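K.L.:
I would like to see how this sequence folds:
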Amino acid sequence: MSKTKLENLTQKQIDAANITCAICGHKDLSLADHLSEAHNMSVAEYQVAHKGKPVISNLLLEIETATQPKVTRRAGKGLDELAVSFAGLDLDVWHDVPASACLPMPANYRLPKYGALGKDISRTALYMASRFHGWISGTPGTGKDAFIHAFSAMLRRPSLMITIAPGMDLESYLYTRSFAPDEDGNVQTFWEYGQLWKALTEGYVTADGTVRPYIILLSDADRATKAQIETLRLMLDSIEGRVMSPDGEAVTVVPGTQFVATANSQGGGDTTGRCISARAIDSSIMNRFNTKVIFHGMAWKDEVEVMRSKFPVLFGKHPDALDTIGACTKALRSCIDKGELYMEFSHRDVCNWASVCEAQLKWRPNAKTDRLLQDSARSWIDGLPDEETRMEATRVIDPYMKGGVISAADLEDDEDLVEGF
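P.N.:
Below you'll find the model as predicted:
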């Protein structure tokens, strides 16, 4: 790049040529260094997560072209060699599988890289790449389903998600009996095969006839009844995965088909009292899942970047709000881990708090940061299970919030007109 030519430009010209980071809104002529330093992300990872977003301005490209008249170009890698870095592994992308056959990419998703969850993610990525059947458990909001969605979307793995509920008929995803009149008007019965049957026995067939095995995501798997979980026994068989047809024939499952269950418990049912619908799972079924991982809470170092990208309006106008929310989040989770607080405070709860803050900004654009956080905190504090827990959570975060969690005016029991009416 010619430094002289760049220096000859006015600041206005440079500002007009800047490109914007899709994660945090940072502007620069090139985002390569910013992505590495601010988000610990490579250019390739950014381009996969934010398709179509540029990482270098046209201005720099023009200067490069002008100062390098002789350019040696190398042929790009063919589609068959397409790969991305995913949780430290260079994994191939199945370019012949359309996005419509995969799970959708979660909005503003970022692979956790730090702390206990970063290690959990690293292990799980290896298990997924090796096509092991896996059981992923963890408290609500630790990103269990989101990780599988990201794996499917970024690497183009065909996937089918089934959310388990106690009353659902899992076999109906395989086949159902249907009725239709024949040409003489007589009613005939036949079997209609569902999505799960087709995924297990046919896989995803690409345009050139290649059969790609599916990922079957069983969300909330520990909500399954005994009858529902028994449906999986033969499919997860270690000798050869099979599925029973309606006429009693054992049909082989496409080799490489991968079952991944997500749950709040590790097969023993609820042990915390906070996820009481979680059931105990037969140990012989659990044994058929080759790998198990417990997802821990996200490190704030990861979570802060996700929050910036999800709520640019709030933290653009009130950057100090992010520090306050972060301090409160870490304090609450520390008490929860020690058993001092009987509650959850997951990434969902942090996002809900910030969402209410942003909603308030729409109607009260001049609200100060402390008042904004005080009012919005009630949206989750009031949802805690009992008065003792609400008071304890308030006590934990009070030192980190200017003016306290609840202002003195809110505590007055009078009949004055409420502010805003």
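K.L.:
How are the helices of the stretch 151-300 of the chain distributed by residue range?
P.N.:
Taking DSSP state H, counting those that start in this stretch, the helices of the stretch 151-300 of the chain run over residues 195-202, 226-230, 283-286, 300-310.
K.L.:
got a list of contacts for the helix or strand that the last one is followed by?
P.N.:
The one in question is helix 300-310. Scanning forward in sequence from helix 300-310, with DSSP states H and E defining helices and strands, the next element found is helix 312-317. Contacts of helix 312-317 from elsewhere in the structure, counted by Cβ atoms under 8 Å, 6 or more residues apart in numbering, are 24-25, 307-308, 321-322, 354, 357-358, 361. Backbone N, C-alpha and C define where each C-beta goes, glycine included.
K.L.:
Torsion angles phi and psi at the residue nearest to Asn18 when sequence neighbours are not counted?
P.N.:
Of all residues beyond its chain neighbours, the one nearest Asn18 is Lys27 (4.2 Å), with distances taken as Cβ to Cβ, 6 or more residues apart in numbering. The phi/psi pair for Lys27 (degrees, to the nearest 10) reads phi -120, psi 140.
K.L.:
tally of neighbours for Lys27?
P.N.:
Using other Cβ atoms under 10 Å, Lys27 is surrounded by 13 other residues.
K.L.:
Tell me the spacing between it and Gly52.
P.N.:
Applying Cβ to Cβ, to the nearest Å, the value for Lys27 to Gly52 is 18 Å.
K.L.:
Give the buried residues for stretch 291-309.
P.N.:
By 16 or more other Cβ atoms under 10 Å, the buried positions in stretch 291-309 come out as 291, 293, 295-300, 302-309.
K.L.:
Stretch 253-265 now?
P.N.:
Going through stretch 253-265 with 16+ other Cβ under 10 Å, the ones that come out buried are 253-254, 257-265.
K.L.:
what mean pLDDT does it have?
P.N.:
For stretch 253-265, the mean per-residue pLDDT is 94.
K.L.:
can you give me the strands for the stretch 51-200 of the chain?
P.N.:
For the stretch 51-200 of the chain, strands defined by DSSP state E, counting those that start in this stretch occupy the ranges 83-86, 89-92, 134-138, 159-163, 175-181, 187-193.
K.L.:
Convert the C-alpha atoms of the third one to PDB, please.
P.N.:
What follows is the C-alpha trace of strand 134-138 in PDB, where atoms were taken according to Å, rounded to 0.1, in the frame of the first residue of the first chain:
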ATOM      1  CA  GLY A 134     -23.500 -37.200  22.100                       C
ATOM      2  CA  TRP A 135     -25.400 -36.200  25.100                       C
ATOM      3  CA  ILE A 136     -24.900 -32.500  26.000                       C
ATOM      4  CA  SER A 137     -26.300 -31.300  29.300                       C
ATOM      5  CA  GLY A 138     -26.200 -28.000  31.300                       C
END
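K.L.:
Please state the mean pLDDT value computed over it.
P.N.:
On average, strand 134-138 scores 95.
K.L.:
Remind me what it packs against, helices and strands.
P.N.:
Where contact means 3 or more Cβ pairs under 8 Å, 6 or more residues apart in numbering; DSSP states H and E, strand 134-138 is packed against helix 115-129, helix 144-155, strand 258-263, strand 291-295.
K.L.:
rerun at 7 Å
P.N.:
The criterion is 3 or more Cβ pairs under 7 Å, 6 or more residues apart in numbering; DSSP states H and E, and the helices and strands that strand 134-138 contacts are helix 115-129, strand 258-263, strand 291-295.
K.L.:
and what of the fourth one?
P.N.:
Contact partners of strand 159-163 among helices and strands, from 3+ Cβ pairs under 7 Å, 6+ apart: helix 195-202, strand 215-219.
K.L.:
care to break this structure down by domain?
P.N.:
The domain map for the chain lists 3-67, 85-295, 300-411, with the assignment taken from automatic domain parsing.
K.L.:
Lowest average pLDDT across these?
P.N.:
Note on those: lowest mean pLDDT is at domain 3-67, with a mean of 76.
K.L.:
residues making contact with stretch 359-378?
P.N.:
In this structure, residues lying in contact with stretch 359-378 by Cβ atoms under 7 Å, 6 or more residues apart in numbering are 313-314, 317-318, 320-321, 324, 353, 356-357, 401-403, 405-407.
K.L.:
Farthest pair within the residues you listed?
P.N.:
Pairwise distances among those were taken by Cβ to Cβ; the largest, 25.1 Å, belongs to Val313 and Ile406.
K.L.:
between these two, which one's more packed in?
P.N.:
With neighbours defined as other Cβ under 10 Å, Val313 and Ile406 compare such that Ile406 has more, 16 against 13.
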